[in-house]
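Enquirer: with the input below, show me the fold.
(one chain, ligands or ions: 1)
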Amino acid sequence: MVKKNACIFISGKGSNLKNLIGRSRDYNFPISIKLVVSDKKEASGILHAKKNSITFLIINTKSRNYENILLKYLRKHKISLICLAGYMKILPKKFLRNYGKKIINIHPSLLPKFKGLNTFSRILKNKEKKTGCTVHYVDEKLDNGKIISQKSFFISTKDDEEKLKNKTQKLEYLVFPESIIKIFQNN
Ligand code: GRF
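Expert: Numbers count the residues shown, from 1 in each chain. Next up, the predicted model:
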């Protein structure tokens, strides 16, 4: 199969990146990860790029027109899918308009519920019965674009923030790869 070139954006631990690198080794998985972008030079997830000899780019989101550097790299590596995997910055509108290819994000809630930060504490405070994770297309609003896939689980009375996070991340490792397969099934 001819794989599409993908780029993963991170800001932290990169456990989703690690999982996607593993999955991308499957012959039948539709993407090959050619580039990792981090807005934080200390993000431990960069190690996964290093270990797997994947080119990585640290961007300074405070520098003017940094999106032009980003676009240059994405074109150079012929990237046709960007996966935001724990990337904590909002992509500039100018970048979204100029990139023009697929960008997807993973969010640790059942969107449209609990957009934004501190999801687990808000879920507990709201006494939700169920939670989960969502992969969606990125548009100009936060955690807003068309939903590709979701998975959920029932919250137990024993769940604290840490437990919710662990349970959610286990589902993320399934939902992210499944969503990538899904979006390339139709084109
Ligand atoms: C994930 O839980 C994701 O839902 C959120 O950020 C977290 C990133 O975790 N957007 P990791 O860096 O992939 O371990």
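
Enquirer: three-state assignment of the closest residue to the ligand within the chain?
Expert: Relative to the ligand, the nearest point of the chain is Gly86 (2.5 Å; C-beta to the nearest ligand atom). C-beta: built from backbone N, CA, C; applies to glycine. State at Gly86, reduced to three classes by DSSP: H, G, I helix; E, B strand; the rest coil: coil.

Enquirer: use 715 as the first number from now on
Expert: Yep, numbering from 715; the last one is Gly800 now.

Enquirer: how much space between the residue of the chain positioned farthest from its centre and Ile817?
Expert: Computed with C-alpha atoms, centre = their mean, the residue of the chain farthest from its C-alpha average is Thr871, at 28.8 Å. Here Thr871 is placed at a distance of 38 Å from Ile817 (C-beta to C-beta, to the nearest Å).

Enquirer: give me the neighbour count for Ser729.
Expert: 17 (other C-beta atoms under 10 Å).

Enquirer: show me the contacts for the residue lying closest to it once chain neighbours are set aside.
Expert: Spatial nearest neighbour of Ser729, excluding adjacent residues (C-beta to C-beta, 6 or more residues apart in numbering): Gln883 at 6.5 Å. Shown in contact with Gln883 (C-beta atoms under 8 Å, 6 or more residues apart in numbering): 729-730, 822.

Enquirer: redo the residues you listed as JSON lines? Include distance to Gly736.
Expert: As requested, these are exported to JSON lines (distance: C-beta to C-beta, whole Å):
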{"residue": "Ser729", "distance to Gly736": "11"}
{"residue": "Asn730", "distance to Gly736": "11"}
{"residue": "Pro822", "distance to Gly736": "20"}
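
Enquirer: for this structure, what lies in contact range of the ligand?
Expert: Listed as neighbours of the ligand in the chain under the rule C-beta under 6 Å from any ligand atom: 724, 726-730, 759, 799-800, 820-822, 847, 883, 886.

Enquirer: tell me which residues are up against the helix or strand harbouring Leu795.
Expert: According to DSSP states H and E, Leu795 maps onto strand 793-798. Applying C-beta under 8 Å, 6+ apart, the set of residues contacting strand 793-798 from outside is 718-723, 730, 734, 745, 748-749, 788, 805, 813, 815-820, 852, 890, 894, 897.

Enquirer: try it again with 6 Å
Expert: For strand 793-798, contacts defined as C-beta atoms under 6 Å, 6 or more residues apart in numbering pick out 718-723, 815-819.

Enquirer: for stretch 744-764, same thing?
Expert: 717-728, 731-732, 735, 738, 768-773, 775, 791, 803, 894, 898.

Enquirer: surely Ile837 and Thr845 touch.
Expert: Yes - using C-beta atoms under 6 Å, Ile837 is in contact with Thr845, at 5.1 Å.

Enquirer: any residues in contact with both of those two?
Expert: Joint contacts of Ile837 and Thr845 (C-beta under 6 Å, 6+ apart) do not exist.
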